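**Q** Here is my input; please provide its structure:
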Amino acid sequence: SDHGDSTENARLASQVYDQIVGKPRFDTKMIFLMCALATFPVCAMAFYIIPQATVRVLVLSLSYTMYQIRVFGRQNLKPNGGAVLVSNHISWLDGALLLLTNSRPVHIIAFAGNFSNPFMKFLAKFVGAILITGGPKSIVAGLKKARESLKKGELVAIFAEGGISRTGQVQGFKPGVLKIVEGTDAPIVPVYIDELWGS
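**A** Numbers count the residues shown, from 1 in each chain. Next up, the predicted model:
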């Protein structure tokens with residue numbers, strides 16, 4: 001029986017050796033392909049669970065390839081509690097860049113007409129943007145939603161000029177900012193985006 005055990009052990013050792021030094025079951029390309037495919041469900045789950053954080057990482061990655069972003073005065077934004085970020089508006093990138101002002105989610109109030117593409121409209125709503133069509137009912141509903149977000153301790157951002165500046169200079173503010181903070185104790189934090197006009 002000792003001879004039989006030693007033969008079985010030798011056979012198993014031979015199989016292990018062949019597996020280690022023999023031809024691998026998968027080549028390098030196949031291994032990389034399987035790893036890439038495995039990341040898709042993980043990315044989809046992350047995007048579903050924390051959409052703003054995922055979008056923020058993507059925006060940050062893309063922005064650093066084309067721009068040198070610097071944020072000054074971040075300490076003026078409290079780590080918790082609701083606040084209204086009131087920003088100037090000089091480019092189509094401003095909304096995405098506002099997501100980088102803080103690690104907390106930012107609900108950006110935006111004109112729904114800028115999101116006519118179904119995918120962009122879905123993406124905007126998915127990351128918590130408050131879309132307003134421009135009609136009285138839509139404006140009232142948007143302002144109500146913004147106030148509710150503030151009362152929950154969340155950040156709301158608005159482009160107080162009501163549209164992109166055609167000159168690069170700050171234009172007159174619309175009265176929507178004061179309507180948002182009515183009935184809340186949320187502070188208004190001014191944000192100035194610079195050196196992007198014409199981008």
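
**Q** And the pLDDT at the nearest residue to residue 180 once chain neighbours are set aside?
**A** Excluding its sequence neighbours, the residue lying closest to residue 180 (Cβ to Cβ, 6 or more residues apart in numbering) is residue 146, at 4.8 Å. All C-beta atoms are positioned from the backbone trio N, CA, C, and that covers glycine. Among the per-residue scores, residue 146 shows a pLDDT of 85.

**Q** same deal with residue 186?
**A** pLDDT for residue 186: 83.

**Q** try the one 3 residues further on
**A** Listed pLDDT for residue 189 reads 86.

**Q** How is it assigned, secondary-structure-wise?
**A** Of the three states, residue 189 takes strand under DSSP: H, G, I helix; E, B strand; the rest coil.

**Q** Can you give me every residue that contacts it?
**A** Each residue near residue 189 by Cβ atoms under 8 Å, 6 or more residues apart in numbering is listed here: 76-77, 83-86.

**Q** Kindly recompute the last result at 10 Å.
**A** Neighbour list for residue 189: 73, 76-78, 83-87, 101-102, 155, 157 [criterion: Cβ atoms under 10 Å, 6 or more residues apart in numbering].

**Q** Which secondary structure element of the chain has the lowest mean pLDDT?
**A** Lowest by mean pLDDT, DSSP states H and E among the helices and strands of the chain is helix 2-21, with a mean of 66.

**Q** for this protein, what's the longest helix?
**A** Under DSSP state H, the helix in the chain containing the largest number of residues is helix 28-49.
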